[in-house]
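*Asks:* Everything below, folded, please.
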Amino acid sequence: MAVICTALLSGSAFGQRDLIYNDWPMFEQPALPEVNQVKFQSDKLVPLWVDALQSDNRELMRLAAHSVAIAASRGLTDLEVATPHLLKLVTNKELPASIRKTAMTALVRLEATESGPQLLALLSSCSIGMKQVIEPTLAQWQTDGAREYWLEVLSTSRSSSVKRLALRCLSEVATNDDVELLKGYVIDTRASASSRVAAAKGLANAVDTSSLELASSLVADGSPDPVTGLVVGWLIRNPPEDGNLEQQAAIARALIDQDGPTSILAARAWLSWDTEKALAVGDVLMKHAESDVRLAFAEKLSVNINEARVNELVDMLDDVDPRNRKQIRIWLEAACENETLAPIVRERVISLIASVSKDNWWIGEQAIYLAAKLDEKSITPNLVKFLSGTRPELFVTAAWALRKLDDREQLPQVLAYCTKWAPHFPKEELPRDIEHEINEQMAHLFQWFGIAKYAEATKVLETFVKKNGNVRFRIRASATWAMAQILEGDSDNQRWIKILVDRLNDDAPMPPESPLVKRMAVIALAKMGVDDDKIERNIRELQVSTPEYSVLKDGCHWALNKLYGDPIPPTSDQLVDSGPWLLEPLEDRTRQR
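*Replies:* Numbers count the residues shown, from 1 in each chain. Reported below is the predicted structural model:
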């Protein structure tokens, strides 16, 4: 056992979970019910919040404002009636800052742009704390008069923090008329770093072309310091005027050699306005220390794909950042729609999978996914080896791909693997750090046994069909579903009929049987074609007694349709409460209980 555990130890999460966690045939054959959930909103909810916003109780004010903010983010309707009351809270200088800021958050979530003029009028007399909440909102809303207010602040205010805030907000709405003012801040080395960067960003927003002359002057003395590098990065974000492409590209290329956000900004800029030249330095960009630089390069490869570039994109499946690897795989999957590029990707991923070892496991994760999408069965011997690998990203993805590729020559080896592991589930001997991932892996393999109607797996599957509190219900449901496929048409198999009926009728409280396992049991009885009066009554009673929208109820519908032709009732909308809320009508809370 120690050897097995050591082979599976891992320190990271399973990276493909978003792709294959629920990509299971047992959820499609038959399909789980598609329930349209309709959120129920009490007619008394919004009026309650409006009343609380007008209360003398400050805690009620805060809770109501917070509730409106949350409700707006959840898409509730009829909230606009709260806007004037929220605005009163924001403009009431006698209230604590916590209430006023919470109310301001609610206005932002409501996108109450009509409140902009009142908020703008408040700025001349409110604290810096409130300014920091209100002013970015006015910039986001592009409120009329806000730009003029920030220009006045920059010319008259003595507070450095107020001026920094004004400059930051002005940069979001700057126009061509603000260019000279912004340039002054850019070249002022006495100004704060944030002010200089904000001014450079404002220049990028104000004009359509780069500020190349200014950028060149800032780097004339050699390698710029980090702040100046960021400033220059913003100055060259836009394409240069005609004839200056080579000069601006040289600046961008120099900035890319810096660390941090400067290199990211420069790489994205260069790739946007000089794509072909930037892609030509792939040896630099695809191996850059900054993950975002590598991803920006890969994205441009995918948009401007050809035979050479698709090879570069495949090379980047070796990226150390799992986020990058996943996105690159998505772009390669799209490239495979091209009949010229698909064979190149196929050949490369086969080679990558063959080269996977414990020291470079990460290149296999997305390569396996691509090979499975290309129906490349030649990789299945490697996949069997990966089942005992060291990383969940590899051994779960390998199990998924084996099921997808359905190379039945590998079934005996896979069954041997499952048989070796099976005794350790009920004994709780799985490695704790990857216990969940091993369950997912085995569930994929069990469902493959079902698809293949692999009767040789019956013995190991039976050990999982029977209830054991130490074995997770998803893997037990997978085993039960697999047996449903293997036993299809075997209506006289009394031994298995009893096993399945026992699952169907197991209402023991400790532990209770899972509705998902019961669903698979009733589906199995139907696929076997069991025509028994007692079992029919059993299923019909379950159909009536099981709550609406349950997977078991839907399974009973399906089974009775298959066995006796009963029509499957249409799925009705499910009303769900939009809460819980910080403040809600008392009768609604009582009803929910």
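
*Asks:* just the CA coordinates of the host helix or strand of Ala298, formatted as PDB?
*Replies:* Taking DSSP states H and E as the definition, Ala298 sits inside helix 291-303. Extracted as PDB, the C-alpha positions of helix 291-303 are listed here (Å, rounded to 0.1, in the frame of the first residue of the first chain):
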ATOM      1  CA  SER A 291       3.500  34.900 -17.700                       C
ATOM      2  CA  ASP A 292       1.300  37.700 -19.200                       C
ATOM      3  CA  VAL A 293       3.900  38.400 -21.800                       C
ATOM      4  CA  ARG A 294       4.000  34.800 -22.900                       C
ATOM      5  CA  LEU A 295       0.200  34.700 -23.000                       C
ATOM      6  CA  ALA A 296       0.000  37.900 -25.100                       C
ATOM      7  CA  PHE A 297       2.500  36.400 -27.600                       C
ATOM      8  CA  ALA A 298       0.500  33.100 -27.700                       C
ATOM      9  CA  GLU A 299      -2.700  35.000 -28.400                       C
ATOM     10  CA  LYS A 300      -1.200  36.800 -31.400                       C
ATOM     11  CA  LEU A 301       0.200  33.500 -32.700                       C
ATOM     12  CA  SER A 302      -3.300  32.100 -32.500                       C
ATOM     13  CA  VAL A 303      -4.900  35.100 -34.300                       C
END
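
*Asks:* Can you give the contact residues for the next helix or strand after that helix?
*Replies:* Counting by DSSP H and E, the next helix or strand C-terminal to helix 291-303 is helix 307-315. Helix 307-315 is contacted from outside by 279, 282, 286, 298, 301-302, 305, 328, 331-332, 335, 340-341, 344-345, 348-349, 352, using Cβ atoms under 8 Å, 6 or more residues apart in numbering. Where you see a C-beta, it was placed from the backbone N, CA and C, and this is true even at glycine.

*Asks:* what helices or strands is the helix or strand following helix 307-315 leaning on?
*Replies:* On the C-terminal side of helix 307-315, the closest following helix or strand by DSSP H and E is helix 322-335. Contacts defined by 3 or more Cβ pairs under 8 Å, 6 or more residues apart in numbering; DSSP states H and E place helix 322-335 against helix 291-303, helix 307-315, helix 342-354, helix 362-373.

*Asks:* where does this protein dip in pLDDT?
*Replies:* Scanning the chain for pLDDT under 70 picks out 1-19, 587-593.

*Asks:* What are the structural domain limits within it?
*Replies:* By the assignment in automatic domain parsing, the chain contains the domains 305-405, 413-530.

*Asks:* For His557, find the nearest of these.
*Replies:* For His557, the closest of these is domain 413-530, at 9.8 Å, according to Cβ to Cβ.

*Asks:* What segments of the stretch 401-550 of the chain are strands?
*Replies:* For the stretch 401-550 of the chain, no strands turn up when DSSP state E, counting those that start in this stretch is the criterion.

*Asks:* re earlier: the contacts of helix 307-315, buried ones only, as a ChimeraX selection?
*Replies:* A single ChimeraX command selects the buried members of the contacts of helix 307-315 (16 or more other Cβ atoms under 10 Å):
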select :279,282,286,298,301,302,305,328,331,332,335,341,344,345,348,349,352
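
*Asks:* about what we covered before: as JSON lines, the helices and strands packed on helix 322-335 with distance to Leu95 would be great.
*Replies:* What follows is these, written out as JSON lines (distance: least, Cβ to Cβ, whole Å):
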{"stretch": "helix 291-303", "distance to Leu95": "42"}
{"stretch": "helix 307-315", "distance to Leu95": "56"}
{"stretch": "helix 342-354", "distance to Leu95": "61"}
{"stretch": "helix 362-373", "distance to Leu95": "53"}
